[in-house]
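Participant: sharing a sequence plus its predicted fold:
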Amino acid sequence: MRQVNNTHHFASRHHQSDDSHPTLIFNGSCFMRIELDDIVCIKSDGKKCYMCMTDGTELHIHCTLKDMEDELPHDMFVRVQRQYTVNIWKVVSIIGRELVMCNQALIVMGKTYEHELMRHFHVIARFRSLP
């Protein structure tokens, strides 16, 4: 993956009711505008987060995953394990507890997060596999 390094700060408080403001990330010398829809998932490594984007770039942000979640719309981004938050619109399929993302990444969902994730989806029917 290509990387944009030295990205320090996630700016612009973007919440469910506020979709009229662009989202900015500060990269140390300037603000970069990003589209929330371009974020596939966010993975955490302590006090550093990595935004995986649909174009394959990975943006580095110096903050905790909890801080990142507080900034993002809760109807679009859901925590699925201790180190991952996903954009629910980028989930292609769910196989057992594995999420297949639009960028082909597999993310294992933690048991404690399963119910919270599933409540964000409208399940039309539950099928049993054929014998």
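Facilitator: Sure thing, it's come through. Since we're looking at a predicted model, the values are computed, not measured. Numbering: from 1, shown residues only.
Participant: okay but D55 is in contact with D38, surely?
Facilitator: Yes. Taking CB atoms under 8 Å as the definition, D55 is a contact partner of D38 at 7.1 Å. C-beta: built from backbone N, CA, C; applies to glycine.
Participant: who has more neighbours out of these two?
Facilitator: D38 (16 against 10; other CB atoms under 10 Å).
Participant: residue contacts, the more buried one?
Facilitator: Residues in contact with D38, defined by CB atoms under 8 Å, 6 or more residues apart in numbering, are M53, T54, D55.
Participant: quick one: which of these is nearest W89?
Facilitator: Nearest to W89 out of these is T54 (CB to CB; 10.5 Å).
Participant: excluding its backbone neighbours, what's nearest the closest one?
Facilitator: Spatial nearest neighbour of T54, excluding adjacent residues (CB to CB, 6 or more residues apart in numbering): D38 at 5.0 Å.
Participant: low-confidence regions, this structure specifically.
Facilitator: The chain contains residues with pLDDT under 70 at 1-20, 27-28, 126-131.
Participant: show me where it has its strands.
Facilitator: 3-4, 9-11, 23-26, 31-34, 39-45, 48-53, 58-61, 77-81, 84-87, 91-95, 98-101, 106-108 (DSSP state E).
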